[in-house]
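> What would the 3D arrangement of this be:
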Amino acid sequence: MNHRVTIEFIDRSRVDRAGQPIREYVEVCSVWANVRFERGAEAMRNSINTAIRRGSVRIRYREDINEGMRLIHKGRTYGITNVLPDEETMEFMDILIKRRS
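Now for the predicted structure:
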């Protein structure tokens with residue numbers, strides 16, 4: 001685990017003068033992770049549009065991360081598409097991410 005990633009969620013608890021919720025991102029955590037992205041050949045083999053970058057991020061197990069959040073890695077923002085905990089040992093979890101180019 002040699003990459004630092006930040007995970008954020010949308011906080012809509014504040015409202016503007018018109019009473020509309022203010023969409024504001026709040027940090028959940030900043031953790032060390034192992035980050036892997038599909039290579040071009042894998043994306044072509046899987047018939048995935050290359051304008052979408054998909055990856056997998058492994059971190060230590062946490063209970064406060066879900067699919068509605070976003071992940072920031074090296075200044076780029078990715079949507080979290082799936083959270084896959086290792087239910088046997090509860091030591092790690094894999095977070096599937098994607099970003100549109």
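> I'd say G55 and F37 touch.
Yes: between G55 and F37 there is a contact under CB atoms under 8 Å: 4.1 Å. C-beta coordinates here come from the backbone N, C-alpha and C atoms, glycine included.
> Mutual contacts of these two, please.
By CB atoms under 8 Å, 6 or more residues apart in numbering, G55 and F37 have no common neighbours.
> On the C-terminal side of the worst-scoring helix or strand of the chain on mean pLDDT, identify the next helix or strand.
Within the chain, no helix or strand scores below helix 40-45, which has a mean of 54 by mean pLDDT, DSSP states H and E. Using DSSP states H and E, the helix or strand that directly follows helix 40-45 along the chain is strand 52-60.
> That following strand packs against which elements?
If you count contacts as 3 or more CB pairs under 8 Å, 6 or more residues apart in numbering; DSSP states H and E, strand 52-60 packs onto strand 24-37, strand 92-100.
> What are the buried residues along stretch 84-99?
Across stretch 84-99, burial judged by 16 or more other CB atoms under 10 Å covers 85, 93-97, 99.
> Check the separation of the first and last residues in it.
In stretch 84-99, first residue to last residue: 18 Å (CA to CA, to the nearest Å).
> Which among the helices and strands packed on strand 52-60 is found nearest to V15?
For the helices and strands packed on strand 52-60, the distance to V15 is smallest for strand 24-37, at 10.9 Å, taking CB to CB.
> can you redo the buried residues of stretch 84-99 as a markdown table with distance to H3 and pLDDT?
Shown next, in a markdown table, are the buried residues of stretch 84-99 (distance: CB to CB, whole Å; pLDDT from 0 to 100):
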| residue | distance to H3 | pLDDT |
| --- | --- | --- |
| P85 | 20 | 94 |
| M93 | 15 | 97 |
| D94 | 14 | 97 |
| I95 | 12 | 97 |
| L96 | 16 | 97 |
| I97 | 12 | 96 |
| R99 | 15 | 88 |
